[in-house]
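Chemist: Curious how this folds, go ahead:
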Amino acid sequence: MLLIPTDADPAAPRLLILYTGGTVGMAVNRQQQLVPMPFEKLARRMPELRRLPYRLELLALAEPIDSSNVTPQDWLLLAQLIGQHYADFDGFVILHGTDTMAYSAAALSFLLEHLGKPVVFTGAQVPVGRPRSDAPRNLLTALEIAAARHARAGTVRLPEVGVFFNDVLIRGTRAKKVESQQFAAFKSENYPPLVRAGIALDFADESIRLLPAAHLNVHELLEEKVAVLRLFPGITPAVVGAVLGVAGLRGCVLETYGSGNAPTAPWFVDCLREARARGIHLLNVSQCEEGRVVQGRYETSAHLRELGVLGGDDITSEAAITKLMFVLGLGLGEDDTRRLLTQDLRGEITLI
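Modeler: As a prediction, this is how the structure comes out:
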(Lines give C-alpha, C1' and ligand atoms only; values in the text may rest on other atoms or scores of the structure.)
Protein backbone atom coordinates (compact mmCIF):
# COMPACT_ATOMS: atom_id res chain seq x y z
CA MET A 1 0.00 0.00 0.00
CA LEU A 2 1.29 3.46 -0.92
CA LEU A 3 0.68 6.49 1.27
CA ILE A 4 0.24 9.74 -0.68
CA PRO A 5 1.69 12.61 1.39
CA THR A 6 -0.81 15.46 1.84
CA ASP A 7 -1.27 18.39 4.18
CA ALA A 8 -4.51 16.90 5.48
CA ASP A 9 -5.46 17.22 9.10
CA PRO A 10 -5.11 13.96 11.08
CA ALA A 11 -8.88 13.97 11.53
CA ALA A 12 -9.56 14.39 7.80
CA PRO A 13 -11.41 11.63 5.90
CA ARG A 14 -9.21 8.65 5.14
CA LEU A 15 -9.76 7.29 1.62
CA LEU A 16 -8.42 4.20 -0.12
CA ILE A 17 -7.83 4.22 -3.87
CA LEU A 18 -7.96 0.72 -5.36
CA TYR A 19 -6.11 0.62 -8.68
CA THR A 20 -7.20 -2.21 -10.97
CA GLY A 21 -5.87 -0.87 -14.28
CA GLY A 22 -7.66 0.57 -17.29
CA THR A 23 -7.06 3.52 -19.60
CA VAL A 24 -6.61 5.88 -16.64
CA GLY A 25 -3.26 4.21 -15.86
CA MET A 26 -2.02 3.51 -19.37
CA ALA A 27 1.25 4.64 -20.94
CA VAL A 28 2.46 4.50 -24.55
CA ASN A 29 5.23 2.00 -25.36
CA ARG A 30 7.75 2.17 -28.21
CA GLN A 31 5.24 0.54 -30.56
CA GLN A 32 2.76 3.34 -29.76
CA GLN A 33 0.49 0.90 -27.98
CA LEU A 34 -1.28 1.62 -24.71
CA VAL A 35 0.07 -0.59 -21.91
CA PRO A 36 -0.56 -0.52 -18.12
CA MET A 37 1.85 1.52 -15.99
CA PRO A 38 2.71 0.80 -12.34
CA PHE A 39 0.36 2.68 -10.07
CA GLU A 40 3.26 4.48 -8.38
CA LYS A 41 3.86 6.30 -11.68
CA LEU A 42 0.16 7.10 -11.88
CA ALA A 43 0.34 8.87 -8.51
CA ARG A 44 3.43 10.83 -9.57
CA ARG A 45 1.67 12.04 -12.73
CA MET A 46 -1.16 13.50 -10.66
CA PRO A 47 0.46 15.99 -8.25
CA GLU A 48 -3.01 17.42 -7.57
CA LEU A 49 -3.60 14.48 -5.24
CA ARG A 50 -1.13 15.94 -2.75
CA ARG A 51 -3.19 19.11 -2.41
CA LEU A 52 -6.41 17.36 -1.40
CA PRO A 53 -7.56 17.77 2.22
CA TYR A 54 -7.85 14.01 2.70
CA ARG A 55 -5.60 11.25 3.93
CA LEU A 56 -5.02 9.12 0.83
CA GLU A 57 -3.62 5.65 0.36
CA LEU A 58 -3.34 3.57 -2.79
CA LEU A 59 -3.58 -0.18 -3.16
CA ALA A 60 -3.02 -1.90 -6.51
CA LEU A 61 -3.89 -5.35 -7.73
CA ALA A 62 -0.82 -7.52 -8.24
CA GLU A 63 -1.12 -7.04 -12.01
CA PRO A 64 -3.11 -4.25 -13.70
CA ILE A 65 -6.10 -5.62 -15.63
CA ASP A 66 -7.52 -4.44 -18.92
CA SER A 67 -11.20 -4.26 -18.07
CA SER A 68 -12.03 -6.50 -21.03
CA ASN A 69 -10.29 -9.27 -19.08
CA VAL A 70 -12.17 -8.71 -15.81
CA THR A 71 -13.79 -11.85 -14.41
CA PRO A 72 -16.18 -12.59 -11.52
CA GLN A 73 -13.13 -13.69 -9.53
CA ASP A 74 -11.81 -10.13 -9.78
CA TRP A 75 -15.12 -8.82 -8.43
CA LEU A 76 -14.87 -11.18 -5.48
CA LEU A 77 -11.31 -10.00 -4.84
CA LEU A 78 -12.34 -6.33 -4.89
CA ALA A 79 -15.21 -7.03 -2.50
CA GLN A 80 -12.81 -8.93 -0.23
CA LEU A 81 -10.31 -6.04 -0.24
CA ILE A 82 -13.00 -3.54 0.69
CA GLY A 83 -14.15 -5.86 3.45
CA GLN A 84 -10.61 -6.18 4.80
CA HIS A 85 -10.07 -2.40 4.91
CA TYR A 86 -13.63 -1.33 5.62
CA ALA A 87 -13.08 -0.34 9.23
CA ASP A 88 -9.93 1.66 8.48
CA PHE A 89 -11.23 3.98 5.74
CA ASP A 90 -14.11 6.41 5.35
CA GLY A 91 -14.55 5.79 1.62
CA PHE A 92 -13.19 3.92 -1.38
CA VAL A 93 -12.45 4.90 -4.97
CA ILE A 94 -11.84 2.16 -7.55
CA LEU A 95 -9.86 3.03 -10.67
CA HIS A 96 -11.16 0.72 -13.39
CA GLY A 97 -11.28 0.40 -17.16
CA THR A 98 -14.45 1.75 -18.74
CA ASP A 99 -15.42 -1.21 -20.94
CA THR A 100 -16.76 -3.36 -18.10
CA MET A 101 -17.02 -0.77 -15.33
CA ALA A 102 -20.83 -0.96 -15.29
CA TYR A 103 -20.67 -4.74 -14.76
CA SER A 104 -18.11 -4.39 -11.96
CA ALA A 105 -20.06 -1.64 -10.21
CA ALA A 106 -23.25 -3.71 -10.34
CA ALA A 107 -21.44 -6.81 -9.08
CA LEU A 108 -19.88 -4.94 -6.13
CA SER A 109 -23.29 -3.47 -5.31
CA PHE A 110 -24.69 -6.97 -4.83
CA LEU A 111 -21.64 -8.42 -3.09
CA LEU A 112 -21.39 -5.61 -0.50
CA GLU A 113 -24.59 -6.06 1.48
CA HIS A 114 -25.43 -3.39 4.09
CA LEU A 115 -22.81 -1.05 2.64
CA GLY A 116 -22.61 2.12 4.70
CA LYS A 117 -19.68 3.90 3.05
CA PRO A 118 -19.02 5.26 -0.46
CA VAL A 119 -17.51 2.98 -3.11
CA VAL A 120 -16.96 5.10 -6.21
CA PHE A 121 -15.82 3.66 -9.54
CA THR A 122 -14.09 5.98 -11.98
CA GLY A 123 -11.56 5.94 -14.79
CA ALA A 124 -10.75 7.83 -17.95
CA GLN A 125 -11.20 7.89 -21.70
CA VAL A 126 -7.73 9.45 -22.16
CA PRO A 127 -4.71 8.21 -20.13
CA VAL A 128 -3.30 10.41 -17.38
CA GLY A 129 -0.35 12.44 -18.61
CA ARG A 130 -1.78 12.80 -22.13
CA PRO A 131 -3.07 16.15 -23.38
CA ARG A 132 -6.73 16.72 -22.47
CA SER A 133 -6.88 13.68 -20.23
CA ASP A 134 -10.10 13.39 -18.25
CA ALA A 135 -8.35 11.29 -15.60
CA PRO A 136 -7.46 14.05 -13.09
CA ARG A 137 -10.92 15.60 -13.01
CA ASN A 138 -12.66 12.23 -12.72
CA LEU A 139 -10.41 10.98 -9.93
CA LEU A 140 -10.32 14.22 -7.95
CA THR A 141 -14.10 14.55 -8.01
CA ALA A 142 -14.61 10.87 -7.18
CA LEU A 143 -12.44 11.37 -4.10
CA GLU A 144 -14.42 14.46 -3.10
CA ILE A 145 -17.66 12.48 -3.39
CA ALA A 146 -16.21 9.61 -1.35
CA ALA A 147 -15.20 12.05 1.38
CA ALA A 148 -18.48 14.01 1.46
CA ARG A 149 -20.42 14.20 4.71
CA HIS A 150 -23.61 15.94 5.74
CA ALA A 151 -22.59 19.30 7.21
CA ARG A 152 -24.57 19.07 10.44
CA ALA A 153 -24.83 15.38 11.18
CA GLY A 154 -21.44 14.40 9.80
CA THR A 155 -22.97 11.29 8.24
CA VAL A 156 -22.02 9.79 4.88
CA ARG A 157 -23.66 11.40 1.84
CA LEU A 158 -23.32 8.34 -0.42
CA PRO A 159 -23.58 4.97 1.39
CA GLU A 160 -23.64 2.94 -1.82
CA VAL A 161 -21.69 1.98 -4.94
CA GLY A 162 -21.57 4.56 -7.72
CA VAL A 163 -19.93 5.27 -11.08
CA PHE A 164 -18.53 8.78 -11.51
CA PHE A 165 -17.71 10.01 -14.98
CA ASN A 166 -17.74 13.40 -16.67
CA ASP A 167 -19.42 15.33 -13.85
CA VAL A 168 -22.17 12.80 -13.12
CA LEU A 169 -22.35 10.04 -10.50
CA ILE A 170 -24.71 7.15 -11.30
CA ARG A 171 -25.88 4.34 -9.03
CA GLY A 172 -23.73 1.25 -9.57
CA THR A 173 -26.69 -0.93 -10.53
CA ARG A 174 -28.01 1.64 -13.04
CA ALA A 175 -24.89 2.49 -15.04
CA LYS A 176 -24.44 1.65 -18.69
CA LYS A 177 -21.53 2.56 -20.96
CA VAL A 178 -22.91 4.39 -23.99
CA GLU A 179 -19.88 6.12 -25.51
CA SER A 180 -16.42 5.05 -26.63
CA GLN A 181 -15.22 8.35 -28.16
CA GLN A 182 -16.72 11.05 -25.93
CA PHE A 183 -16.05 11.93 -22.30
CA ALA A 184 -19.68 11.37 -21.28
CA ALA A 185 -19.21 7.61 -21.34
CA PHE A 186 -21.96 6.49 -18.94
CA LYS A 187 -25.67 7.08 -18.60
CA SER A 188 -28.56 5.99 -16.41
CA GLU A 189 -31.73 6.15 -18.46
CA ASN A 190 -34.25 4.93 -15.90
CA TYR A 191 -32.96 6.56 -12.71
CA PRO A 192 -31.65 10.09 -12.01
CA PRO A 193 -27.97 10.74 -11.25
CA LEU A 194 -27.09 10.70 -7.57
CA VAL A 195 -24.59 13.55 -7.85
CA ARG A 196 -23.92 16.28 -10.39
CA ALA A 197 -20.54 17.98 -10.21
CA GLY A 198 -20.44 21.61 -11.23
CA ILE A 199 -18.76 24.39 -9.31
CA ALA A 200 -20.03 22.50 -6.27
CA LEU A 201 -21.27 18.95 -5.75
CA ASP A 202 -25.05 18.72 -6.02
CA PHE A 203 -26.25 15.59 -4.21
CA ALA A 204 -29.72 14.27 -5.05
CA ASP A 205 -30.28 13.14 -1.46
CA GLU A 206 -33.85 12.05 -2.19
CA SER A 207 -32.55 9.51 -4.72
CA ILE A 208 -29.76 8.03 -2.56
CA ARG A 209 -30.49 4.82 -0.66
CA LEU A 210 -30.39 5.35 3.09
CA LEU A 211 -30.71 2.08 4.98
CA PRO A 212 -30.59 1.32 8.70
CA ALA A 213 -27.05 0.87 9.98
CA ALA A 214 -25.92 -2.76 9.83
CA HIS A 215 -22.71 -4.74 9.76
CA LEU A 216 -21.20 -5.04 6.28
CA ASN A 217 -21.75 -8.49 4.80
CA VAL A 218 -19.26 -9.33 2.04
CA HIS A 219 -20.57 -12.19 -0.07
CA GLU A 220 -18.02 -14.67 -1.38
CA LEU A 221 -19.78 -16.65 -4.12
CA LEU A 222 -20.98 -15.90 -7.63
CA GLU A 223 -22.52 -18.43 -10.00
CA GLU A 224 -20.74 -18.18 -13.34
CA LYS A 225 -22.94 -20.68 -15.22
CA VAL A 226 -25.14 -17.98 -16.69
CA ALA A 227 -25.67 -16.57 -20.17
CA VAL A 228 -27.24 -13.72 -22.14
CA LEU A 229 -29.47 -14.41 -25.14
CA ARG A 230 -30.18 -11.34 -27.26
CA LEU A 231 -33.12 -11.83 -29.59
CA PHE A 232 -33.13 -10.59 -33.19
CA PRO A 233 -35.42 -11.08 -36.18
CA GLY A 234 -34.36 -14.30 -37.89
CA ILE A 235 -32.87 -15.93 -34.82
CA THR A 236 -32.81 -19.67 -35.38
CA PRO A 237 -33.57 -22.71 -33.24
CA ALA A 238 -29.91 -23.67 -33.47
CA VAL A 239 -28.78 -20.38 -31.89
CA VAL A 240 -31.35 -20.44 -29.09
CA GLY A 241 -30.72 -24.12 -28.46
CA ALA A 242 -26.95 -23.59 -28.33
CA VAL A 243 -27.26 -20.92 -25.63
CA LEU A 244 -29.95 -22.54 -23.50
CA GLY A 245 -28.42 -25.97 -24.00
CA VAL A 246 -25.08 -25.12 -22.39
CA ALA A 247 -24.19 -27.90 -19.97
CA GLY A 248 -24.88 -26.93 -16.38
CA LEU A 249 -26.49 -23.61 -17.28
CA ARG A 250 -28.39 -22.18 -14.31
CA GLY A 251 -29.65 -18.81 -15.50
CA CYS A 252 -30.06 -16.72 -18.63
CA VAL A 253 -30.92 -13.10 -19.31
CA LEU A 254 -33.30 -12.82 -22.27
CA GLU A 255 -32.82 -9.49 -24.04
CA THR A 256 -36.24 -9.06 -25.63
CA TYR A 257 -37.99 -6.41 -27.71
CA GLY A 258 -39.84 -3.34 -26.45
CA SER A 259 -41.71 -3.95 -23.19
CA GLY A 260 -40.53 -7.56 -23.00
CA ASN A 261 -41.86 -9.11 -26.18
CA ALA A 262 -40.51 -12.25 -27.86
CA PRO A 263 -41.42 -14.59 -30.74
CA THR A 264 -44.44 -16.85 -30.29
CA ALA A 265 -43.15 -19.44 -32.77
CA PRO A 266 -43.76 -22.96 -31.36
CA TRP A 267 -40.09 -23.91 -31.58
CA PHE A 268 -39.07 -20.85 -29.51
CA VAL A 269 -41.72 -21.51 -26.88
CA ASP A 270 -40.60 -25.14 -26.70
CA CYS A 271 -36.97 -24.07 -26.14
CA LEU A 272 -37.96 -21.88 -23.21
CA ARG A 273 -40.25 -24.54 -21.77
CA GLU A 274 -37.47 -27.13 -21.92
CA ALA A 275 -35.03 -24.71 -20.28
CA ARG A 276 -37.43 -24.03 -17.43
CA ALA A 277 -38.03 -27.78 -17.02
CA ARG A 278 -34.26 -28.17 -16.51
CA GLY A 279 -34.38 -25.57 -13.72
CA ILE A 280 -32.85 -22.69 -15.71
CA HIS A 281 -33.96 -19.29 -14.42
CA LEU A 282 -34.91 -16.91 -17.24
CA LEU A 283 -34.90 -13.15 -16.62
CA ASN A 284 -36.62 -10.94 -19.20
CA VAL A 285 -34.81 -7.63 -19.89
CA SER A 286 -35.71 -5.12 -22.59
CA GLN A 287 -33.25 -4.20 -25.33
CA CYS A 288 -34.55 -0.62 -25.01
CA GLU A 289 -32.41 1.69 -22.90
CA GLU A 290 -35.49 3.42 -21.49
CA GLY A 291 -38.78 2.03 -20.24
CA ARG A 292 -39.46 -1.31 -18.61
CA VAL A 293 -40.57 -4.89 -19.16
CA VAL A 294 -44.31 -5.40 -18.66
CA GLN A 295 -45.00 -9.06 -19.36
CA GLY A 296 -48.57 -9.55 -20.53
CA ARG A 297 -49.12 -6.13 -22.08
CA TYR A 298 -49.01 -7.78 -25.49
CA GLU A 299 -49.70 -11.33 -26.61
CA THR A 300 -46.03 -11.63 -27.53
CA SER A 301 -45.03 -11.37 -23.87
CA ALA A 302 -47.99 -13.04 -22.13
CA HIS A 303 -46.68 -16.49 -23.07
CA LEU A 304 -43.34 -15.73 -21.38
CA ARG A 305 -45.06 -15.17 -18.05
CA GLU A 306 -47.00 -18.41 -18.48
CA LEU A 307 -43.74 -20.26 -19.09
CA GLY A 308 -42.27 -18.98 -15.83
CA VAL A 309 -39.99 -16.33 -17.33
CA LEU A 310 -39.36 -13.58 -14.77
CA GLY A 311 -39.91 -9.94 -15.73
CA GLY A 312 -36.89 -7.74 -15.09
CA ASP A 313 -38.82 -4.44 -14.92
CA ASP A 314 -36.36 -1.61 -15.73
CA ILE A 315 -33.12 -3.38 -14.82
CA THR A 316 -30.11 -2.98 -17.13
CA SER A 317 -28.53 -6.00 -18.80
CA GLU A 318 -25.33 -5.35 -16.82
CA ALA A 319 -27.17 -5.43 -13.51
CA ALA A 320 -29.33 -8.37 -14.62
CA ILE A 321 -26.44 -10.71 -15.42
CA THR A 322 -24.53 -9.83 -12.24
CA LYS A 323 -27.72 -10.16 -10.18
CA LEU A 324 -28.24 -13.65 -11.64
CA MET A 325 -24.69 -14.57 -10.65
CA PHE A 326 -25.22 -13.19 -7.15
CA VAL A 327 -28.65 -14.66 -6.39
CA LEU A 328 -27.82 -18.07 -7.84
CA GLY A 329 -24.59 -18.04 -5.84
CA LEU A 330 -26.62 -17.85 -2.63
CA GLY A 331 -27.67 -21.47 -3.13
CA LEU A 332 -31.32 -20.92 -2.21
CA GLY A 333 -34.34 -22.95 -3.21
CA GLU A 334 -36.48 -22.34 -6.28
CA ASP A 335 -39.07 -20.08 -4.64
CA ASP A 336 -36.58 -17.92 -2.75
CA THR A 337 -34.39 -17.57 -5.83
CA ARG A 338 -37.30 -16.42 -7.97
CA ARG A 339 -38.42 -14.01 -5.25
CA LEU A 340 -35.00 -12.37 -4.98
CA LEU A 341 -34.59 -12.11 -8.75
CA THR A 342 -37.75 -10.00 -8.95
CA GLN A 343 -37.08 -8.05 -5.75
CA ASP A 344 -35.25 -4.73 -5.64
CA LEU A 345 -32.03 -5.60 -3.77
CA ARG A 346 -29.66 -2.68 -4.41
CA GLY A 347 -31.76 -0.08 -6.22
CA GLU A 348 -31.45 -1.93 -9.54
CA ILE A 349 -35.15 -1.85 -10.36
CA THR A 350 -38.00 0.57 -9.78
CA LEU A 351 -40.97 -1.35 -8.47
CA ILE A 352 -44.37 0.14 -9.37
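Chemist: hey, let's count contacts and neighbours off CA atoms from now on
Modeler: Noted.
Chemist: what about residue 84, how many neighbours?
Modeler: The number of residues packed near residue 84 is 11, by other C-alpha atoms under 10 Å.
Chemist: Tell me the spacing between it and residue 242.
Modeler: 41 Å (C-alpha to C-alpha, to the nearest Å).
Chemist: now do residue 138
Modeler: As defined by C-alpha to C-alpha, residue 138 lies at a distance of 42 Å from residue 242.
Chemist: more crowded one of the two?
Modeler: Taking neighbours as other C-alpha under 10 Å, residue 138 and residue 242 compare with residue 138 leading, 21 against 11.
Chemist: Just read off the phi/psi values of residue 23.
Modeler: Residue 23 has phi and psi values of phi -60, psi -30 when expressed as degrees, to the nearest 10.
Chemist: That one reaches residue 123, doesn't it?
Modeler: Yes: counting by C-alpha atoms under 8 Å, residue 23 touches residue 123, with 7.0 Å between them.
Chemist: between these two, what contacts are shared?
Modeler: 96, 97, 98 (C-alpha atoms under 8 Å, 6 or more residues apart in numbering).
Chemist: which residues sit in contact with the first one?
Modeler: This points to residue 96. 19, 20, 21, 22, 23, 24, 67, 121, 122, 123.
Chemist: what do you get if the cut-off is 7 Å, keeping everything else the same?
Modeler: Neighbouring residues of residue 96 by C-alpha atoms under 7 Å, 6 or more residues apart in numbering: 19, 20, 21, 22, 67, 121, 122, 123.
Chemist: Name the nearest residue to residue 256, ignoring sequence neighbours.
Modeler: residue 286 (5.0 Å; C-alpha to C-alpha, 6 or more residues apart in numbering).
Chemist: The one you found: neighbouring residues, count only.
Modeler: 27.
Chemist: Three-state assignment for residue 151, please.
Modeler: When classified by DSSP: H, G, I helix; E, B strand; the rest coil, residue 151 comes out as coil.
Chemist: distance of it from residue 157?
Modeler: 10 Å.
Chemist: do the same with residue 170
Modeler: In terms of C-alpha to C-alpha, residue 170 sits 14 Å off from residue 157.
Chemist: Need the phi and psi values for the residue of the chain positioned farthest from its centre.
Modeler: What lies farthest from the middle of the chain is residue 266; by C-alpha atoms, centre = their mean that is 36.2 Å. Phi and psi for residue 266, reported as degrees, to the nearest 10, are phi -50, psi -40.
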